[in-house]
Structures are given as C-alpha cells and as structure tokens.
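1. Sequence plus predicted model, see below.
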Amino acid sequence: MARRQRTVRDLWERYGKEIVAVENKATTARQKARIWTTKIEPAIGHLRINDVTEEDASAVVRASMRLDTAGRVIGGRAEAANVYRLIHHMFRKALAWQLRAREAGNPLENLTEPKVARRERLPTGGEIGALIKALDAAERDMTERPQVIAAIRATIHIGARISEVLTLRDQDIRRDELELHLPDTKTGFSRRPISVAALAVLDSVERMPGVEFVFRAIKRPAASLGYSTVENAFRRIARRAGVERCTLHTIRHWFATMTANSVSNARVGMALTGHKSHAAYMNYVHGDKQQARALADQMAALASGLGKAEPKVASILPADLAK
C-alpha cells in the first residue's frame with residue numbers, strides 16, 4: 001500500500017507497535033487503547049492519513065466535552081485533553097514517518113489543548129498538623145488499622161505518589177543510605193532520599209514472613225494495601241481533623257510546594273518528589289499565601305523606606321558647571 005494511501009487505522013497499528021508497546025507503561029497503554037477504540041477510530045479511523053483536516057481532528061477532541069444549553073463547557077475537559085494529546089502525538093509521528101505530507105502539517109497544530117482547572121487546594125501548615133494529630137488519635141483509640149495509619153504518615157513524610165507508597169517493598173528501602181530505590185514509578189526507576197523520621201515510620205509497620213510489601217492488604221496479606229482502603233480512611237481522618245477538600249494527592253502537592261519554598265535549587269526538590277522534568281515539578285508547586293503576604297509586607301516596607309529616604313543624586317556635570 002502506498003504511504004499516502006494509508007488510513008488512520010494503519011497509523012494506529014504502527015503507533016501501537018513502535019510507541020505504545022515500547023515506550024508506555026501498562027496503564028498508559030490501556031488508556032491510549034481505550035481512547036483510540038472509543039473516540040478516535042469510530043470518527044476518523046477510516047480516513048486516509050493525508051486527508052484528515054483540522055476540522056476532523058478538532059471535532060473528535062470537542063466530542064468529549066459536555067456543554068450546557070448556552071454552549072459553555074461544563075465537563076469533559078480532562079478526557080478531551082487526553083484525546084488531544086494522543087491525536088497530536090500520532091500525527092506528529094505520521095509526519096516523522098512520512099505518512100503525511102509535510103505541507104499538510106499536524107491537524108491539531110492550531111488548536112490549543114483543553115485546559116483542566118486545578119482542583120487541588122493547598123493545605124496550610126496548621127491543617128497538616130491537624131491531620132497528624134488526628135492520625136495520633138486514631139492510633140490511640142485504634143479506630144484505623146496500623147498499616148493504614150502508617151501509609152498516610154509515610155505519604156506526608158515522603159511526598160511520594162500514593163501508588164508508590166502502597167507498592168513499596170522492604171527490599172526497596174536502603175536504610176544505610178537513607179534512600180528508597182523504586183524500580184517502577186511513573187517515570188521509571190527512581191532514587192528518593194528520605195528522612196530519619198520517614199524511615200522510622202516505614203520501620204514501625206509490623207512485617208509478616210513471606211510478605212514483600214511494607215503496607216500489606218488487610219484481607220489478603222500477601223497483596224499490597226488497596227488504594228480505596230487508604231482513601232476511605234484518609235477521608236475519615238480529614239473529617240476528624242476538620243480539614244476540608246484535602247486528598248491523598250493533595251499531600252504530594254503540599255510536599256512539593258514546601259520543598260520549592262525551602263530551597264532555591266529546584267533539582268533538590270525534584271530529587272525528593274521523583275519528578276524527572278522541571279515543568280512537571282512546577283505543576284505541583286502552588287503559591288503559598290502566607291509567604292506571599294510576608295513578601296508583600298516586605299515590599300511595602302521597602303517602598304515606604306525609599307519614600308522617606310533623602311534622595312542621593314550624583315551629578316554628572318563638571319564641578320564648575322554644577323554650581
């Protein structure tokens with residue numbers, strides 16, 4: 001079949017073999033396959049790669065959005081963004097593989113990726129303290145399982161993705177080096193420095209012979225602790241602490257923000273959070289309101305001081321002309 005006669009289905013077949021199967025983790029591969037099967041293939045799979053227009057591709061992206069009667073977007077932006085990224089990347093490869101004419105360009109070149117509004121609310125230091133006190137109380141009155149409490153504590157101390165915490169194995173802990181060596185994170189192998197306090201939390205969990213996971217499941221001890229189990233417990237802990245709109249992932253945002261506010265070198269913070277790119281790290285960093293107010297006070301004081309100071313103007317004229 002001539003290259004320019006191939007369809008978008010042919011493009012997906014090659015993309016799946018050379019990109020998805022080689023570069024993507026299992027979860028990403030499943031998501032791409034779902035988007036292709038349910039969103040892209042029914043709409044443009046039959047079209048020749050060279051014939052796909054901006055209107056064709058953008059219609060697939062927009063189809064994932066939900067609109068109100070006035071035509072305003074009220075939902076579906078995240079799914080639309082996923083569709084956009086997959087189509088955009090597929091056609092970028094089509095151009096690189098010379099399956100699409102260079103002059104045709106990427107059909108999504110002039111379309112902006114749908115933006116998803118941030119839902120995370122950065123908890124204050126006081127709220128993190130309240131969460132820790134609520135964990136202490138739950139531990140005392142034994143209202144939550146010990147391994148669940150420890151998993152939440154570890155998330156606060158380490159700032160890792162909750163999936164990384166729950167699948168942590170004892171062999172991943174390098175106690176002498178105060179590091180975690182995580183073999184299979186979202187960005188591949190990751191080496192994370194940890195504190196003595198974090199190590200103490202990990203070592204506080206009672207181990208069971210033959211179980212590799214630090215945080216074992218409640219009903220099936222050989223398995224890792226389930227996300228929903230910890231999530232539900234965290235909701236109860238947050239209610240007890242009086243902290244609203246805070247999730248396990250919000251804790252990671254708080255941790256990243258605190259690291260960014262504590263050191264000027266972003267690479268130091270990235271070493272702790274496990275981010276491989278500066279852009280991804282900065283997506284997790286929020287503005288700290290208290291720090292911003294303190295800076296505003298400093299700037300106001302500086303301006304006030306400059307206003308009261310005697311002007312110091314150096315003359316550039318010769319001494320005899322300056323008189």
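-> Done, it's in.
2. excluding its backbone neighbours, what's nearest Asn237?
-> In this structure residue 237 is Ile, not Asn. Closest residue to Ile237 in three dimensions, ignoring its sequence neighbours and counting by Cβ to Cβ, 6 or more residues apart in numbering: Ala134, at 4.9 Å. All C-beta atoms are positioned from the backbone trio N, CA, C, and that covers glycine.
3. what's the neighbour count on the residue nearest to Ala104 when sequence neighbours are not counted?
-> The shortest distance from Ala104 to any non-neighbouring residue, by Cβ to Cβ, 6+ apart, is to Asn50 (6.0 Å). Asn50 has 15 neighbouring residues, counting by other Cβ atoms under 10 Å.
4. wait, isn't Asn50 in contact with Arg100?
-> Yes. Shown here, Asn50 and Arg100 form a contact pair, counting by Cβ atoms under 8 Å, at 5.4 Å.
5. What helix or strand is the residue nearest to Ile237 located in?
-> With elements taken from DSSP states H and E, the one containing Ala134 is helix 125-141.
6. same thing with Ala70?
-> Using DSSP H and E, Ala70 sits within no helix or strand.
7. Ramachandran angles for it?
-> Reported as degrees, to the nearest 10, the phi and psi values for Ala70 are phi -90, psi 0.
8. roughly how far apart are the residue nearest to Ala104 and Arg66?
-> 32 Å (Cβ to Cβ, to the nearest Å).
9. pLDDT of the next helix or strand after the helix holding Ala134, averaged?
-> Using DSSP H and E, the helix or strand that directly follows helix 125-141 along the chain is helix 146-158. Per-residue pLDDT values across helix 146-158 average out to 95.
10. quick check, distance from the helix or strand that helix 146-158 is followed by to the centre of its chain.
-> Next in sequence after helix 146-158, counting helices and strands by DSSP H and E, comes helix 162-166. With Cα atoms, centre = their mean, to the nearest Å as the basis, helix 162-166 stands 14 Å off its chain's centre.
11. Show me what helix 162-166 is in contact with.
-> Applying Cβ atoms under 8 Å, 6 or more residues apart in numbering, the external contacts of helix 162-166 come out as 151, 154-155, 158, 182, 185, 190, 213, 215, 224-227, 230, 248-249, 252, 274.
12. do stretch 232-247 as well
-> 120-121, 123, 127, 130-131, 133-135, 137-138, 143-145, 148-149, 152, 231, 248.
13. how many other residues sit next to Arg174?
-> 15.
14. Now for the residue nearest to Ile237: which residues touch it?
-> Counting by Cβ under 8 Å, 6+ apart, Ala134 has contacts 237-238, 240-241.
15. how about those, which pair is most distant?
-> Distance extremes for the contacts of Ala134: the farthest pair is Ala238 and Arg240 at 7.2 Å, using Cβ to Cβ.
16. Looking at the two, which is more packed in?
-> Counting neighbours by other Cβ under 10 Å for Ala238 and for Arg240 shows that Ala238 has the greater number, 22 against 17.
17. What pLDDT does the model give that one?
-> 95.
18. what are the phi and psi angles of it?
-> With angles defined as degrees, to the nearest 10, Ala238 sits at phi -60, psi -40.
19. Repeat that for Thr167.
-> The phi and psi values for Thr167, taken as degrees, to the nearest 10, are phi -100, psi 10.
20. Just list the residues touching the nearest residue to it once chain neighbours are set aside, thanks.
-> Taking Cβ to Cβ, 6+ apart, and ignoring the residues beside it in sequence, Thr167 has Ser224 as its nearest neighbour in space, at 5.2 Å. By Cβ under 8 Å, 6+ apart, the contact list for Ser224 reads 166-167, 213, 215-217.
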